[in-house]
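>>> I'll drop the sequence and a predicted model, then ask my questions.
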Protein chains: 6
Amino acid sequence: MKIVYLVLGPMDQKEVVRRAGLLKRWASPGVDVDIRGVSQGPGSIESQFEECLSIPAAAKEIFRLEKEGYHAAILGCIGDPGLYAMREITTGMVVIGPGETSLHIAAMLGHRFTVLSPVENAIASFYELAHRAGVTAKLASVRAINVAVLDLASNKAATLERIIHEGREAIQEDRADTLILGCMSMGFLDIAEEVQESLRIPVINPSKAALRMAETWVGSGLYHSKKAFPLPPKLTSGKIASLDELFV
Amino acid sequence: MKIVYLVLGPMDQKEVVRRAGLLKRWASPGVDVDIRGVSQGPGSIESQFEECLSIPAAAKEIFRLEKEGYHAAILGCIGDPGLYAMREITTGMVVIGPGETSLHIAAMLGHRFTVLSPVENAIASFYELAHRAGVTAKLASVRAINVAVLDLASNKAATLERIIHEGREAIQEDRADTLILGCMSMGFLDIAEEVQESLRIPVINPSKAALRMAETWVGSGLYHSKKAFPLPPKLTSGKIASLDELFV
Amino acid sequence: MKIVYLVLGPMDQKEVVRRAGLLKRWASPGVDVDIRGVSQGPGSIESQFEECLSIPAAAKEIFRLEKEGYHAAILGCIGDPGLYAMREITTGMVVIGPGETSLHIAAMLGHRFTVLSPVENAIASFYELAHRAGVTAKLASVRAINVAVLDLASNKAATLERIIHEGREAIQEDRADTLILGCMSMGFLDIAEEVQESLRIPVINPSKAALRMAETWVGSGLYHSKKAFPLPPKLTSGKIASLDELFV
Amino acid sequence: MKIVYLVLGPMDQKEVVRRAGLLKRWASPGVDVDIRGVSQGPGSIESQFEECLSIPAAAKEIFRLEKEGYHAAILGCIGDPGLYAMREITTGMVVIGPGETSLHIAAMLGHRFTVLSPVENAIASFYELAHRAGVTAKLASVRAINVAVLDLASNKAATLERIIHEGREAIQEDRADTLILGCMSMGFLDIAEEVQESLRIPVINPSKAALRMAETWVGSGLYHSKKAFPLPPKLTSGKIASLDELFV
Amino acid sequence: MKIVYLVLGPMDQKEVVRRAGLLKRWASPGVDVDIRGVSQGPGSIESQFEECLSIPAAAKEIFRLEKEGYHAAILGCIGDPGLYAMREITTGMVVIGPGETSLHIAAMLGHRFTVLSPVENAIASFYELAHRAGVTAKLASVRAINVAVLDLASNKAATLERIIHEGREAIQEDRADTLILGCMSMGFLDIAEEVQESLRIPVINPSKAALRMAETWVGSGLYHSKKAFPLPPKLTSGKIASLDELFV
Amino acid sequence: MKIVYLVLGPMDQKEVVRRAGLLKRWASPGVDVDIRGVSQGPGSIESQFEECLSIPAAAKEIFRLEKEGYHAAILGCIGDPGLYAMREITTGMVVIGPGETSLHIAAMLGHRFTVLSPVENAIASFYELAHRAGVTAKLASVRAINVAVLDLASNKAATLERIIHEGREAIQEDRADTLILGCMSMGFLDIAEEVQESLRIPVINPSKAALRMAETWVGSGLYHSKKAFPLPPKLTSGKIASLDELFV
């Protein structure tokens, strides 16, 4: 099984290598996991505007990756930017959104979950994501730890402390029984187990969960519904020959 | 009051002029309405993929239009592509989504409304739009008339007949009491009154409704909440100097 | 375009004139707006009981106003007393409820709105109103400023202070990003802009918003669905000759 | 225990006596049940307008009946006109709405219930009633048998046939497993058992169910919450001395 | 009318007799109420696991009680363990769940109700129960008084104090206007009136409410829908001769 | 990783071996999967009553299997009988419900899914299951193929035909874009791929999906929340020494 993780904006090569290493470590035996990036995109995604900016280049890459023979691709942002658009333009490669995946796993692990967002800005997006996923009945709250995405890794201890602090508040004030780390960069800090031990409730690492869900779908022979995510009609009707011609 | 309508993809100049004429005719006394386009974009928007493709160029234009002094801008697609992203990057100009507007007006005009989409593809998008708008309790159905967006105007009589046919089915089978024409190009056919007369229930022209709603907001001194649609943090923090630097 | 605003109970003539002046100032160019009252009704509406008391006389007036040629009538209470009943007995004049209107506009301006009610009593009514409008998904809270309706204007500065205080609490505790002034008498204090400047989130004046929405509907050629709000069957069947005969 | 049933409009004295007889027959041992009427009101209630017309006179009667020492009063219309207003002005007498009661009992008897309305007009009201009661999750459908309220009793056999026909459709097409007879006049036809036998699913007679629920509340020492249905503030504050002064 | 209350686990004979006395006192004139127990079961029910443990033995007893001619049976646990299963295996005896009953009565008495659970453990169960009953729209909160079920009666004064304390918090923090005593053993303390007087909102005793609702159903000729709760197919098809053969 | 699949009633040894073979074939490299049964239980589960019958014996087995060192156990019935009870009594072994799992995967694969139940009886259970899982927003319908559970395998071709027929109806009439095979015995027919090919929408085999989800959870270091599914208080408090003492 071949899975690819797609970074949605420019990233330091050393960090790319580090993340690739973690993904390989997290993968099941017999699963090949690669990491790929787009040449251009937002430095990080902290607003709906930056989400939108990232999509066209990422979509082109998704289209190319399917041709390379990957069984599944993981979008490298928990906001799942353009997830449904990506699924429209593929015909056999599974496209996984770490946000959707984490929300549904959280809904199974307990009765009330909280998402920890890096910044206040993204809170509304998570509510929308939960509506789209259909799991709002179990969403206890979305809370910000107030650390910019690009600063999450620079002081890992401080980030960990902020996560544990807000997680505890979520348990006490919002009656949360399950947590989601609300950012891929939080996921790649590889600290879910530490937070879990400290707070004694399940903590979902979206990066790892997305990888495992990709394996589950491919391994179960499942592919998202083409009836739900159909090819753009101009492609189906033969009016245009390639994806690029959609943009004129 | 100065309002601008933004076409989201390339459009025949004659058609642009025709639509500008309709908008001027529909506007209240004392309201100036202009039409503007982007240089590049999808030929028409019939999929979530094409919606995503249209956003980055449109956002740049929105940013520029605010600087030109417009009080309100109307996105030229009923799918409201990137509506929340656009609102994040403006600071005083109202951004109107014709989809959101039509859904809320429909929810006030009756108890159960139906959206008529040009193609099957867009049906799921309308359900999502209704979820995001929070009006699903009154959504009776979304139905496709099965005419491609670019063919809507070429045989206006046939299109009108298809709309009336599906509208009648919506009334009889889905108990709809209100209709939305689910495409800006349907709106610019300027046929809502004809359909209304034939079916004897209200029929919302999204192009006209969006224009009138823009007037209502600006006239009432209302501007969408910056707390709900905040500036991207990199702009607020001064880390970058212009919108373009968000894309690296 | 001719619009009429209907006061639902006895009101000091000086205050009626003052309100008429504000309405004329708020209206778009080319719109004539009149104010009319009923001869009898509750002194103010602070309970569901007083809402019910106001309806029969108001309905008679609505019926008469349509005959006088008005294009739209605005009910002078944010609880929209008898809104659907009024729509049943008209056949061409738009009837606008300021409550319904404000709730839908609020749902478009942000993600979470709060209604500020004058008294505790009306809180449950606003929840019901939101259910009926179908916008509960975006309702953050209803809060009372604890000033009786008839005292709102007597100490305008104190009222303003109470509104700003509760508005701030709504922002901080309920995460509200948009406010509705929950009483027509609050609206006619004409203070929404001041509150807006102080709290930096949109503040809806229901009196002004209802007027503008009436213009939008009439200007767009829209009339609420007779399928949703049909004439009482005894009128349709010809069993009775006039509205008055419904009451025997 | 003393219970009173309030007819909301003028009614033939012979029919009043007949209904009183049925109520006495349905009551538990030890329960006294009386029937009372208002001097003026709509001939029958088939629209929201007629519901509104009936409330002021009925409210005065409710107020008087409490003083006469009744433990509970039943509103004589399944639309529960002014139910919450009535509860505001009482301080110890239970006020029962047959609509609310029937909806909650139906929600307990099965998974999906259908309401049979006499006329099309009332369908929207039942959806609103279900929203207000909070039981929409179990509402399968509302269907009209298309017999005017005042004609229900004149041809009882035809009415029964129409009820059984629509009930069967509800079972087959809407998967209903429980029925509500959606009109007090249907209830006083005393045919629920016959329909039940024919369709083999539970059939709720709203007249009998309201009486029994009144007994349950009074017998259990329960009274609707004054916190939910508070006295109008002008009464509490002593600004006025009697109910009549609310209307000026 | 013959009603039976079924204790779901072993209970001290003196306490059984005391409870039987209360039930007889609460019943309407002409209603015979008996109390019965199972020979084996959990000592008290404070978890979903103990709920599940209680069902098979209780179901056998329910089956037997129907044969003895009872018109209704009340399950002796507010969690309604196996309620739908019990209804599947009866053909004419009403089976009442005190949880379902209390939730629906609470939804009628006010706008927002709170359930007071003995222990934290049961909180999630009450949310599920409310979902199944379809009344979550009116559920303000579930709160634990933190007294083990078997200790509720040993210090009645302390229990009463805890109930009043949490009830007051529910009113102030959760805006509750109605309370449910969330345990049959709380019900048999017979303190609802005392709590009601202290907090001045309605307080539902589930033991008394269940008994009265049983009377209402039987008295109204209502029986839960066999279409909703059908006999197990192996019984219908004649493949097996008795209930016991379902377990092999 | 060691996973165990628990059959909830007596089963022919040959069939047990056949199912074990399928599970081993479906498992990822490096995963050991065993099959285990209870000595007593219902012959098949086609009613809520039979679900309840199966729980006590299955719970004992779950408790024992955790001690044997399994990382995850899968309940062998798509109704997830006693799932939350089982999670209460474990402290480290994941307990997977195939129903919950299938519903959440379906909610990710498309916009509207249909469950195919063997018999009419189980339809209501699936609606409840969907409510509990919180995914009703995406549930298009539940349909029965009308084949008794024990007959599913005896004529595999006929069963396959029935599944394809009802699946096609679900697509056409209910607009389903994703299917769930609503029975473990359907899953072990190993026909999902065939149905998928015929209907061209994703078809979830609950047996395979449950196995893969167990791998995902264990592989991601996730364990269901003990805050959501706490140990029964009598165990925590030390009042009893073993699980068996809960039943007295």
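Looks like it arrived, so ask away.
>>> How about chain A: which residue is closest to chain E?
As assessed by C-beta to the nearest C-beta, chain E sits closest to A:His111 within chain A, at 5.0 Å. Every residue, glycine included, has its C-beta placed from N, CA and C.
>>> Surely that residue touches E:Ala124?
Yes - at 5.0 Å, A:His111 counts as touching E:Ala124 under the criterion of C-beta atoms under 8 Å.
>>> residues shared between the contacts of the two?
Between them, A:His111 and E:Ala124 share these contacting residues under C-beta atoms under 8 Å, 6 or more residues apart in numbering or on different chains: F:Ala228.
>>> Look up how far F:Gly219 lies from the most centrally placed residue in chain A.
Nearest residue to the geometric centre of chain A (C-alpha atoms, centre = their mean): A:Pro98, 2.7 Å. Between A:Pro98 and F:Gly219 the computed distance is 16 Å (C-beta to C-beta, to the nearest Å).
>>> ok, now which ones touch the nearest residue to A:Lys24 once chain neighbours are set aside?
Residue nearest to A:Lys24 in three dimensions, not counting chain neighbours: A:Val33, with 5.8 Å by C-beta to C-beta, 6 or more residues apart in numbering or on different chains. A:Val33 makes contact with A:Lys2, A:Ile3, A:Val4, A:Tyr5, A:Ala20, A:Leu23, A:Lys24, A:Ala27, A:Leu211, according to C-beta under 8 Å, 6+ apart.
>>> Neighbour-wise, give me the winner out of these.
Sorting the contacts of A:Val33 by how many neighbours each has (other C-beta atoms under 10 Å in any protein chain shown) puts A:Leu211 first, at 30 neighbours.
>>> wait, that one sits on A:Trp26?
Yes - at 5.6 Å, A:Leu211 counts as touching A:Trp26 under the criterion of C-beta under 8 Å.
>>> from the contacts of A:Val33, which two are the most distant?
Farthest pair in these (C-beta to C-beta) is A:Lys2 and A:Ala20. Separation: 13.9 Å.
>>> Please enumerate the shared neighbours of those two.
Joint contacts of A:Lys2 and A:Ala20 (C-beta under 8 Å, 6+ apart) are A:Val33, A:Asp34.
>>> So what's the predicted local confidence for the residue of chain A found nearest chain C?
The nearest approach of chain A to chain C comes at A:Ala124, 5.0 Å away (C-beta to the nearest C-beta). Listed pLDDT for A:Ala124 reads 84.
>>> Could you pull up the contacting residues of it?
Shown in contact with A:Ala124 (C-beta under 8 Å, 6+ apart): B:Tyr84, B:Ala228, B:Phe229, C:His111.
>>> per-domain residue ranges of chain A.
Segmentation of chain A into domains, based on automatic domain parsing, reads A:2-97+A:209-246, A:99-205.
>>> Please state the mean pLDDT value computed over the longest one.
Model confidence over domain A:2-97+A:209-246, given as mean pLDDT, is 94.
>>> Enumerate every residue touching A:Glu194.
A:Leu160.
>>> Can you list the buried residues in the host helix or strand of it?
According to DSSP states H and E, A:Glu194 maps onto helix A:192-199. Using 16 or more other C-beta atoms under 10 Å in any protein chain shown as the test for burial, helix A:192-199 gives A:Ala192, A:Val195, A:Gln196, A:Ser198, A:Leu199.
>>> Give me the subset of those residues that also touch chain F.
Intersecting the buried residues of helix A:192-199 with the contacts of chain F gives A:Ala192, A:Gln196 (criterion: C-beta under 8 Å from any C-beta of the partner chain).
>>> Of the buried residues of helix A:192-199, which is the nearest to D:Asp12?
A:Leu199 (71.1 Å).
>>> Quick check: closest non-adjacent residue to the closest one.
The shortest distance from A:Leu199 to any non-neighbouring residue, by C-beta to C-beta, 6+ apart, is to A:Gly167 (5.0 Å).
>>> quick one: pLDDT of that neighbour?
For A:Gly167, the model assigns a pLDDT of 98.
>>> wouldn't it be in contact with A:Leu116 here?
Yes - at 6.6 Å, A:Gly167 and A:Leu116 qualify as touching, with contact defined as C-beta under 8 Å.
>>> Can you work out which residues contact both of these two?
With C-beta under 8 Å, 6+ apart as the test, A:Gly167 and A:Leu116 both reach A:Leu179.
>>> follow-up on the earlier one: pull out the buried positions in the helix or strand hosting the residue of chain A closest to chain C.
Here A:Ala124 sits within helix A:123-133, counting by DSSP H and E. Across helix A:123-133, burial judged by 16+ other C-beta under 10 Å covers A:Ile123, A:Ala124, A:Ser125, A:Phe126, A:Tyr127, A:Glu128, A:Leu129, A:Ala130, A:His131, A:Arg132, A:Ala133.
>>> who's A:Leu75 bridged to?
Bridge pairing for A:Leu75 (DSSP bridges) gives the partners A:Leu6.
>>> Surely A:His224 touches A:Ile96?
No - A:His224 is not in contact with A:Ile96 according to C-beta under 8 Å; the separation is 9.3 Å.
>>> anything in contact with each of these two?
Residues touching both A:His224 and A:Ile96 (C-beta under 8 Å, 6+ apart): there are none.
>>> the more surrounded of these two?
Per other C-beta under 10 Å, whichever of A:His224 and A:Ile96 has more neighbours is A:Ile96, with 29 against 25.
>>> gap between that one and A:Gly187?
A:Ile96 sits 13 Å away from A:Gly187, going by C-beta to C-beta.
>>> between the host helix or strand of A:Thr114 and helix A:123-133, how big is the angle?
According to DSSP H and E, A:Thr114 maps onto strand A:113-117. With axes from the mean of the first three to the mean of the last three C-alpha atoms, to 10 degrees defining the directions, strand A:113-117 sits at 140 degrees from helix A:123-133.
>>> packing partners for strand A:113-117?
Here strand A:113-117 touches helix A:98-109, helix A:123-133, strand A:139-144, helix A:156-174, strand A:178-181, going by 3 or more C-beta pairs under 8 Å, 6 or more residues apart in numbering or on different chains; DSSP states H and E.
>>> Repeat the analysis, applying 10 Å as the threshold.
In terms of contacts (3 or more C-beta pairs under 10 Å, 6 or more residues apart in numbering or on different chains; DSSP states H and E), strand A:113-117 is packed against helix A:98-109, helix A:123-133, strand A:139-144, helix A:156-174, strand A:178-181, strand A:203-204.
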